[in-house]
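Chemist: Here is a sequence together with a model predicted from it:
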Amino acid sequence: MSTLPPPEPTPAGPGVPPPQLVRSPLSDGEWHRLHPLTPLLRGGLFLIVVIGIVFANLRDRLLYIFLPWLAPGVGDEVVEWEQVGGDPVDFIIANNLYVLAGVAVLAVLIVLVAVFYTSWRFHTFRITEDDVEVRSGILFRTQRRAPLDRVQGVNLTRPMIARLLGMAKLEVVGAGTDANVKLEYLSTANAEAVRADILRLASGRRLAMTAGPGGAAAPRQAGRVASLSQTVGREITGLIEGPEAPVAERESVVHIPVGRLVASHVLSASTLGLLFAVVAIVIGVSQGVTWLLLGFVPAIIGFGAYWVRSIVRSLRYSIAPTPDGVRITFGLFTTITEIVPPGRVHAVEVTQGVFWRPAGWWTIRINRLTGRSAADSTTDQFTTVLPVGTAADVERVLRLLQPSLPDDERALIVRQGMFGPTDDDTFTNTPKRAWWIRPFSYRRNGFRLTDDVLLMRRGVVWRKLVILPLARLQSFGLYQGPLDRASRVTNVRAHVVTGPVSPFLAAVDRDSALALFDDVARGSVRATLADRTHRWAEDETVPTPPPGAVPAALVSTARDLDVPAGPPPAGPVTVGTAAPPVPPPPAGYTVAAEPGKDRA
């Protein structure tokens, strides 16, 4: 007797996510509204502040209206204000128009509440199998869509007031400027469940192992009013003990003590500049130059606020691996948890300032698509993945950011790339004939190419190591000026997405740079074809091809180039017409190419 496999569940309609892949009731492909308290957090707090300012300015008059025995002298002042010309409040008091004024204020409040409520009713979202959509606006409608196969990350933000009410803001990071889709606000439990569903759908995972027992969705929460006191108590405890884990994930691989975090800000070039400014103010004031107080004191106050805000923002930092990428959490009062899926890091830079060298501290920044505009001041917090850490911390973080690197290669990067050059240095450094271009760092200034990444090492006062995944390179160029021609060197620049990392290297030997150009072009094509991070979980369900079979990416590429698919032939394969060898470019010629294209 044979047993037939159970039929797979079918979606309820076009674009509806498969039931076995989603757990939240909000991820059913239908339109849903945000949390009912969203108008309070988005506009109500501003209204409360305005009302507070009005009440503070009208305190004496309100006492005269409602509690006249507490302000007996205000009546005479009202008469004086009316005689001088007065204002609307004086006119209302003098003419006893309290009822009419109250009705007008009530009408304004009703209109504002109606606007907030209507805005909430018209602000809806849905999660389908292919994208996340948000519709908003009353008179002018706006609809935004974030394709799941272009998701660069998912951020979960818990502002101070929102987390006390058990709410959070979800931000789906898109691949473009100002391309993010925000869901503000959802309950914390719903935000966490929706985030997991979005990442699961974006990953290409199609196994029922991601669902709970029986593939059932998570039960809905209890009533918000009944659980509000428990929520506030739990969140206050979270402020004291640390942010709660959003999902069941491993602990952070790096721990940053508070003392190290504060000391890293003290031992910085900006702090040194602040000390110089304070000394200049003291000396100037002692000599009678008082205008320095007006010019520098506001700047010092602003710097102090930025300094404290930077420390508070970096508190409770943690970084950990998850099935859907690297999870980074930071913030004391406003907690931000972001998950960067695999393959979304375009460049990594490990930096050590001269003031950090005795302590052995380093920082790591990355270039990634944040989906924010260039004028957004919060972009920096999404590109710093390690505020301050030891060399061991750097190695752990690099293991998360570049998991494809073998352990011996990663150890070599730390030993030679960060602390080099060493006696067994494998980097190609600036030739001695060009020492005058980089007189202090020419021994350290160099590059190294592996099968997966391109390394650029430079700097002595500020040590920097740039790690560029070949699969993420947009183009690669060589640039040469008149002084470079005299020393037979050239400058190398890799082009990646915009960010704090500058993949530039000067004074590279011309012949070595030309060889690097060809190697990077071939390596980028090879790495791009082998890259599977577009749908990072598909390899869980795709069977391993038999020996001798051509990968699917190579088959599609061969079809586009009119090359017959199948096992690779014994000899070399010629695609199209063989081009003659390309001679070295003439002096002063700029060489640039994109991965996968011929050299210009």
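Modeler: Perfect, I can see it now.
Chemist: can you pull the contacts of the closest residue to residue 364 other than its chain neighbours?
Modeler: Once flanking residues are discounted, residue 364 sits nearest to residue 386: 3.9 Å by C-beta to C-beta, 6 or more residues apart in numbering. Bear in mind the C-beta positions are built from the backbone N, C-alpha and C, glycine included. Contact criterion C-beta atoms under 8 Å, 6 or more residues apart in numbering gives 254, 319, 362, 363, 364, 393, 394, 397 as the residues in contact with residue 386.
Chemist: The second one belongs to a strand, doesn't it?
Modeler: The one in question is residue 319. Yes - read with DSSP: H, G, I helix; E, B strand; the rest coil, residue 319 is one of the residues of a strand.
Chemist: I'd say it and residue 399 touch.
Modeler: No - under the criterion of C-beta atoms under 8 Å, residue 319 lies out of contact with residue 399, with a separation of 10.6 Å.
Chemist: so what sits against both of these two?
Modeler: Contact criterion C-beta under 8 Å, 6+ apart; residues shared by residue 319 and residue 399: residue 253.
Chemist: higher neighbour count, those two?
Modeler: When neighbours are counted by other C-beta atoms under 10 Å, residue 319 and residue 399 differ, and residue 319 comes out ahead with 24 against 14.
Chemist: okay, the more buried one: pLDDT?
Modeler: The per-residue pLDDT reported for residue 319 equals 90.
Chemist: any idea how far it is from residue 34?
Modeler: As for residue 319, its distance to residue 34 is 29 Å (criterion: C-beta to C-beta, to the nearest Å).
Chemist: now swap in residue 119 and tell me
Modeler: Residue 119 sits 10 Å away from residue 34 when distances are taken as C-beta to C-beta.
Chemist: Same drill for these two, tell me which one is more crowded.
Modeler: When residue 119 is set against residue 34 and neighbours are counted by other C-beta under 10 Å, the residue ahead is residue 34, at 25 against 16.
Chemist: quick one: contacts for the more buried one?
Modeler: Taking C-beta under 8 Å, 6+ apart, we find residue 34 in contact with 120, 123, 124, 125, 183, 184, 185, 186.
Chemist: ditto for residue 312
Modeler: For residue 312, the contact set (C-beta under 8 Å, 6+ apart) comprises 331, 332, 333.
Chemist: Please name the nearest non-neighbouring residue to the last one.
Modeler: Spelled out, that is residue 333. When the adjacent residues along the chain are set aside, residue 333 lies closest to residue 160, with 4.5 Å between them (C-beta to C-beta, 6+ apart).
Chemist: got it, and the first one?
Modeler: Setting aside the residues directly before and after it, residue 331 is nearest to residue 313 in space (C-beta to C-beta, 6+ apart), at 5.7 Å.
Chemist: now do the second one
Modeler: Of all residues not flanking residue 332 in the chain, residue 315 sits nearest, at 4.3 Å (C-beta to C-beta, 6+ apart).
Chemist: wait, doesn't that neighbour sit right on residue 331?
Modeler: Yes - Residue 315 lies in contact with residue 331 (C-beta under 8 Å); the separation is 7.0 Å.
Chemist: circling back: what's the closest of the contacts of residue 34 to residue 154?
Modeler: residue 183 (10.2 Å; C-beta to C-beta).
Chemist: From residue 197, how far out is that closest one?
Modeler: The spacing between residue 183 and residue 197, counted by C-beta to C-beta, is 12 Å.
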